[in-house]
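> sequence? don't have it. structure:
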């Protein structure tokens, strides 16, 4: 959940989707959350797609973690590593979209920016859990 306060008004922003995609030669992992549905796949053609229903508490937790990411500035989400630039790491793209906002970041797999690490960690954990 993202809260913005302005002029005494409080407005709540919930994500409509979260996308995580790690892609390179021989490596692919895509996780997408829409509403309370999580989709995870390791094959580009979607042949191994796994779909899970998240609980309300899991969705609320993702909203809370997404809030930290959405509220950051570009300087706060600088890529801590540039291994993918030299083909030494797998590039990852994360996109959080809401009704009135979108926020994205790119980084090397396994090395997300500090403000994004909790969201990425939880998202990947949910994608692995049975």
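Everything's here; your move. As the structure is a computational prediction, the values presented were derived from the model and not from experiment.

> longest strand of the protein?
Identified as the longest strand of the chain according to DSSP state E is strand 15-24.

> That strand - contacts with which helices or strands?
strand 27-34, helix 56-70, strand 91-98, helix 117-128 (3 or more CB pairs under 8 Å, 6 or more residues apart in numbering; DSSP states H and E). Using the backbone N, CA and C atoms, a C-beta is placed for each residue, glycine as well.

> And it, what's buried?
Using 16 or more other CB atoms under 10 Å as the test for burial, strand 15-24 gives 15, 18-20, 22.

> Take the residues you listed and write them to CSV, including distance to residue 71 and pLDDT.
Below are the buried residues of strand 15-24 laid out as CSV (distance: CB to CB, whole Å; pLDDT from 0 to 100):
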residue, distance to residue 71, pLDDT
15, 13, 91
18, 15, 96
19, 19, 97
20, 19, 96
22, 24, 94
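
> Okay, and the beta partners of residue 31?
Following DSSP bridges, residue 31 is listed with bridge partners residue 20, residue 40.

> ok, now how distant is it from residue 55?
Noted for residue 31: a distance of 17 Å to residue 55, by CB to CB, to the nearest Å.

> the more surrounded of those two?
With neighbours defined as other CB atoms under 10 Å, residue 31 and residue 55 compare such that residue 31 has more, 21 against 9.

> Is the more buried one in contact with residue 42, as I believe?
No: with contact defined as CB atoms under 8 Å, residue 31 does not count as touching residue 42 (10.0 Å).

> what do those two both touch?
The contact sets of residue 31 and residue 42 do not overlap (CB atoms under 8 Å, 6 or more residues apart in numbering).

> Quick check: phi and psi on residue 106?
In terms of degrees, to the nearest 10, the main-chain angles of residue 106 are phi -120, psi 140.

> From residue 34, how far off is it?
Distance, residue 106 to residue 34, using CB to CB: 21 Å.

> What of residue 122?
Taking CB to CB, one finds residue 122 at 16 Å from residue 34.

> Could you check which of these two is surrounded by more residues?
For residue 122 versus residue 34, the count of surrounding residues by other CB under 10 Å is larger for residue 122: 16 against 13.
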